Structure formats: structure tokens, C-alpha cells
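# sequence below, structure please.
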Amino acid sequence: MKRLLILVIVLLLAVMVFSYADWLSFDSDSKSASVTLNTEEVKEDTKAAFEKGSAAVDKAVDEIENAPEVDVDVEVKEEPAVEE
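All right, here's what the predicted structure looks like:
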């Protein structure tokens, strides 16, 4: 029962998000109802998200490759052994 409730909540959230993003629309008249998935909008949004993510990765790679090299000398100080 708990799994069914979680599934219903997830489906409702998905419908709400898809409707908000204009991916999903609902229409009805006196005899029928319909649900329309705007595939063109989905393609455009996913392409834009992919391009934005790709640009962010490219920028991060450039920053890492062009970062100045740092010479770090670390002195390790040995602690005397504790005898029990």
C-alpha cells in the first residue's frame, strides 16, 4: 500500500512538472478528453539543457587545464612514539 501511494505521488508530481513546463496539456469537451505531449517543446528544452551542461563542463575543463601549477613543499614532522 505504501509503495502504491509513493507511485501515485511520483506520477502526480511528474504530471505537474510536465504541465508547468508546457510539455503536457489537457483538453476536454462534452464527449471526450485528451492529453497532449508537446514533443517539440520537450526536444527544445532537453537540447538547451544539454548545451548548457556541456558548456559548463567545457568551462570547468578549461579552468582546470589553465590553472597555475602550485609547488607545495610539505614538511612531515614525526611524533615520538608513545610507549605504554
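# distance of Thr46 from Asp27?
Applying CB to CB, to the nearest Å, the value for Thr46 to Asp27 is 24 Å. Any C-beta I mention is one placed from the backbone N, CA and C, and that applies to glycine too.
# check Val74 too.
Distance from Val74 to Asp27, by CB to CB: 68 Å.
# looking at the two, which is more packed in?
Asp27 (9 against 4; other CB atoms under 10 Å).
# element containing the more buried one?
strand 24-28 (DSSP states H and E).
# buried stuff in that strand?
The neighbour-count check on strand 24-28 (16 or more other CB atoms under 10 Å) flags Leu24 as buried.
# same check on stretch 37-55?
So, applying 16+ other CB under 10 Å, stretch 37-55 has no buried residues.
# pLDDT on it, on average?
Mean pLDDT, computed over stretch 37-55, is 92.
# cool, and stretch 72-84?
78.
# export it to PDB, keeping only CA atoms.
In PDB, the C-alpha atoms belonging to stretch 72-84 read as follows (Å, rounded to 0.1, in the frame of the first residue of the first chain):
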ATOM      1  CA  VAL A  72      53.900  22.800  -2.400                       C
ATOM      2  CA  ASP A  73      56.600  21.600   0.000                       C
ATOM      3  CA  VAL A  74      55.200  19.800   3.000                       C
ATOM      4  CA  GLU A  75      57.300  19.000   5.900                       C
ATOM      5  CA  VAL A  76      56.300  16.000   7.800                       C
ATOM      6  CA  LYS A  77      57.100  16.200  11.500                       C
ATOM      7  CA  GLU A  78      57.400  12.800  13.100                       C
ATOM      8  CA  GLU A  79      55.900  12.400  16.500                       C
ATOM      9  CA  PRO A  80      57.800  10.500  19.100                       C
ATOM     10  CA  ALA A  81      56.400   7.000  19.700                       C
ATOM     11  CA  VAL A  82      54.400   6.700  22.800                       C
ATOM     12  CA  GLU A  83      55.300   3.700  24.900                       C
ATOM     13  CA  GLU A  84      52.700   2.100  27.000                       C
END
